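Chemist: Sequence first, then the predicted structure:
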Amino acid sequence: MPLQTVNARIRGFLCLNAHPVGCAANVRRQIDTVGRVLAAPAASSAGAPTSGAPPLRSALVIGSSTGYGLSSLITAVFGYGARATSVCLERPPHGDKTASAGWYNLAEVHRLAREAGRPVTTFNGDAYSREIKDQVVAHLKASGARLDSVVYSLASPKRTDPTTGVSWTSVLKPVGAPYRSQSIALGSDQITTVELQPATDADIEATRKVMGGEDWELWIAALLDAGVLAPGCRTVAYSYIGPELTYPIYRSGTIGRAKEHLEATARALDARLREGLSGGAYVSVNKALTTQASSAIPVVPLYISILYKIMKAKGTHEGTAEQIARLFRDHLGPGRTPRLDGEGRIRVDDLEMEPATQHEVAALWNQVTTENLFAITDYAGFKQEFRALFGFEVPGIDYAQSVETDVALDRG
Ligand code: NAD
């Protein structure tokens, strides 16, 4: 039973360890945030109220342990009182090595959900595999649960196709032409120039295989075949668009191509769920936020640091918990029909994309240097939030105290 003090071990956009008590505090703060957002009235951008929209009694969250997926699980369980099944890929503690942050996050979710009388069941394994899908289906069948909501929130650099056995690795590259941009070197807090060569066709295809909609479709097919989706079931996956200044690395790059595939998959799944169950499949375009996945994308930490500075000053800044609670309150939760844009997507990136906000982002983008990085952007906020993802620099935690790092994540 290792009782030890834990200090952050950060290498660029990676943090090699996590603090169990800080992660647990983050989960409790998200639960409070979700409660606050759900208690507030719907925004003017909300979808129409409907009496036919299904309740949220039972949810499956795939990619449930960090970022947008963790907030989705917390919203379903603590915001709506749903019973939930969750899938993630996290590292358990080993000797004096800590677990990964998502492991500690879910340990706290499990503890509090059990206390609330609606235990969460988690499958920690490769969501892309047939085995995990079979295990989740068997569990849902045995428990008699019919899912009202399926959230698909995976972010991964790799996927093995379960049909062919071929492994694919996604890449973050521009398409068509090289891309040169300023960026932050996270290890040295310097503004540097990154130059990325355009993707090959093979790069584009590999990224689509990992981050496109193929696996989401396999999940929904498996759940439909097993008869574990409730009438009216809604499924959602998350996408990003962002402003033109990040288009070369995001929306028009390899990851954007994969997101286009995810969005096309939503249209195909929507037709199937509508016909069979009067349900629906949606893509929600979310705000750029500090997560383990987004920190790894070149240029994005600089964009986020500038965006945070402006949105915090305007009072429009939101984290993942605010975003997802608002998504369910205004669009996907009981009593709502989602409002969709011209391409059929839900937009909770509306505040990020406000023209006045983006105008100010573009102005700071042109001024930023290593010397003024901390003064004119919220890079300090980005760094703090990055550390907090792993349970470090969380307000109210005494990091000099020894803590138990050998925390169990029972299946639920
Ligand atoms: P994240 O890194 O915080 O979370 C990824 C989740 O996927 C974790 O729960 C992890 O355990 C799980 N996972 C990864 N590989 C897995 C595997 N093989 N099997 C099972 N679980 C696995 O990422 P995030 O930023 O919250 O991203 C989630 C989704 O939201 C992605 O589709 C992303 O593109 C989208 N999105 C993110 C942002 C952003 O700025 N962070 C903005 C808009 C949309």
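Modeler: Great, that's in hand. All figures in this text were calculated on a predicted structure; none of them were measured in a lab.
Chemist: Just confirm yes or no for stretch 254-268 near the ligand.
Modeler: No - using CB under 6 Å from any ligand atom, stretch 254-268 never reaches the ligand; the gap is at least 7.1 Å. Quick note: C-beta positions are derived from backbone N, CA and C, even for glycine.
Chemist: list the buried ones in that stretch?
Modeler: If you call a residue buried by 16 or more other CB atoms under 10 Å, then stretch 254-268 has these buried ones: 254-263, 265-266.
Chemist: low-confidence ranges in the stretch 51-200 of the chain?
Modeler: When residues are selected by pLDDT under 70, those of the stretch 51-200 of the chain lie in 52-53.
Chemist: now the strands: where do they sit in it?
Modeler: Here the stretch 51-200 of the chain has its strands, by DSSP state E, counting those that start in this stretch, at 58-62, 83-88, 121-124, 147-152, 158-160, 167-169, 179-185, 190-196.
Chemist: Quick check: which of those is nearest to residue 243?
Modeler: Closest of those to residue 243 is strand 179-185, at 12.9 Å (criterion: CB to CB).
Chemist: So which elements touch that closest one?
Modeler: strand 190-196, helix 300-314 (3 or more CB pairs under 8 Å, 6 or more residues apart in numbering; DSSP states H and E).
Chemist: Alpha carbons of the longest strand seen in the chain, in PDB - could you do that?
Modeler: Identified as the longest strand of the chain according to DSSP state E is strand 229-239. Only the C-alpha atoms of strand 229-239 are listed here, as PDB (Å, rounded to 0.1, in the frame of the first residue of the first chain):
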ATOM      1  CA  LEU A 229     -31.100   0.400 -27.100                       C
ATOM      2  CA  ALA A 230     -34.300   1.900 -25.700                       C
ATOM      3  CA  PRO A 231     -37.000   3.500 -27.900                       C
ATOM      4  CA  GLY A 232     -35.900   7.100 -28.600                       C
ATOM      5  CA  CYS A 233     -32.200   6.300 -27.900                       C
ATOM      6  CA  ARG A 234     -29.900   9.100 -28.900                       C
ATOM      7  CA  THR A 235     -26.200   8.800 -29.600                       C
ATOM      8  CA  VAL A 236     -23.700  11.600 -29.900                       C
ATOM      9  CA  ALA A 237     -20.000  12.000 -30.900                       C
ATOM     10  CA  TYR A 238     -17.900  15.100 -30.500                       C
ATOM     11  CA  SER A 239     -16.300  17.200 -33.200                       C
END
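Chemist: Can you give me the buried ones in that strand?
Modeler: Buried-residue list, strand 229-239, by 16+ other CB under 10 Å: 229-230, 232-239.
Chemist: Write out the residues of the stretch 251-400 of the chain neighbouring the ligand.
Modeler: 286, 288-289, 291-294.
Chemist: Inside helices: which ones of the residues you listed?
Modeler: 292-294 (DSSP state H).
Chemist: Make a PyMOL selection of whichever of those turn out to be buried.
Modeler: Listed next is the PyMOL selection for buried residues among those, using 16+ other CB under 10 Å:
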select buried, resi 292+293+294
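Chemist: Identify whichever of the strands of the stretch 51-200 of the chain lies nearest to the ligand.
Modeler: Comparing those against the ligand with CB to the nearest ligand atom, the closest turns out to be strand 83-88 (3.7 Å).
Chemist: Run through who's touching the closest one.
Modeler: Identification of contacts with strand 83-88 by CB atoms under 8 Å, 6 or more residues apart in numbering yields 57-66, 69, 73, 76-77, 102, 106, 109, 113, 118-125, 127, 132, 136, 139-140, 145.
Chemist: I'd like to know which of those are part of helices.
Modeler: Those of those lying in helices (DSSP H): 69, 73, 102, 106, 109, 113, 132, 136, 139-140.
Chemist: closest to residue 312 among those residues?
Modeler: After measuring the ones in helices among the contacts of strand 83-88 against residue 312 - CB to CB - the closest member comes out as residue 69, at 24.4 Å.
Chemist: got the buried residues for stretch 110-121?
Modeler: Quick answer for stretch 110-121 (16+ other CB under 10 Å): 110-113, 118-121.
Chemist: From the buried residues of stretch 254-268, pick the one nearest residue 389.
Modeler: Nearest to residue 389, judged by CB to CB, of these is residue 255 at 19.8 Å.
Chemist: helix/strand/coil for the closest one?
Modeler: helix (DSSP: H, G, I helix; E, B strand; the rest coil).
Chemist: same check, this time on residue 398
Modeler: With three-state DSSP as the basis, residue 398 sits in coil.
Chemist: burial of the closest residue to the ligand within the stretch 301-412 of the chain, as a residue count?
Modeler: For the stretch 301-412 of the chain and the ligand, the shortest gap (CB to the nearest ligand atom) falls at residue 320, measuring 6.7 Å. Around residue 320 there are 25 other residues, counting by other CB atoms under 10 Å.
Chemist: The helices and strands packed on strand 179-185: which one's closest to residue 45?
Modeler: Within the helices and strands packed on strand 179-185, the stretch nearest residue 45 is helix 300-314; the backing value is 15.8 Å (CB to CB).
Chemist: For the closest one, buried residues please.
Modeler: Those would be 300-311, for helix 300-314 by 16+ other CB under 10 Å.
Chemist: Throw the residues you listed into TSV and include pLDDT, thanks.
Modeler: Formatted as TSV, the buried residues of helix 300-314 follow (pLDDT from 0 to 100):
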residue	pLDDT
300	93
301	94
302	96
303	97
304	97
305	97
306	98
307	98
308	97
309	98
310	98
311	98
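Chemist: and of these, the nearest to residue 44?
Modeler: residue 311 (18.0 Å).
Chemist: quick one: the longest strand of the chain to chain centroid distance?
Modeler: 16 Å (CA atoms, centre = their mean, to the nearest Å).
Chemist: That strand relative to strand 147-152, how many degrees between them?
Modeler: Orientation check (axes from the mean of the first three to the mean of the last three CA atoms, to 10 degrees): strand 229-239 against strand 147-152 gives 20 degrees.
Chemist: just to revisit the earlier point, compare the ones in helices among the contacts of strand 83-88 and tell me which is most surrounded.
Modeler: Sorting the ones in helices among the contacts of strand 83-88 by how many neighbours each has (other CB under 10 Å) puts residue 73 first, at 31 neighbours.
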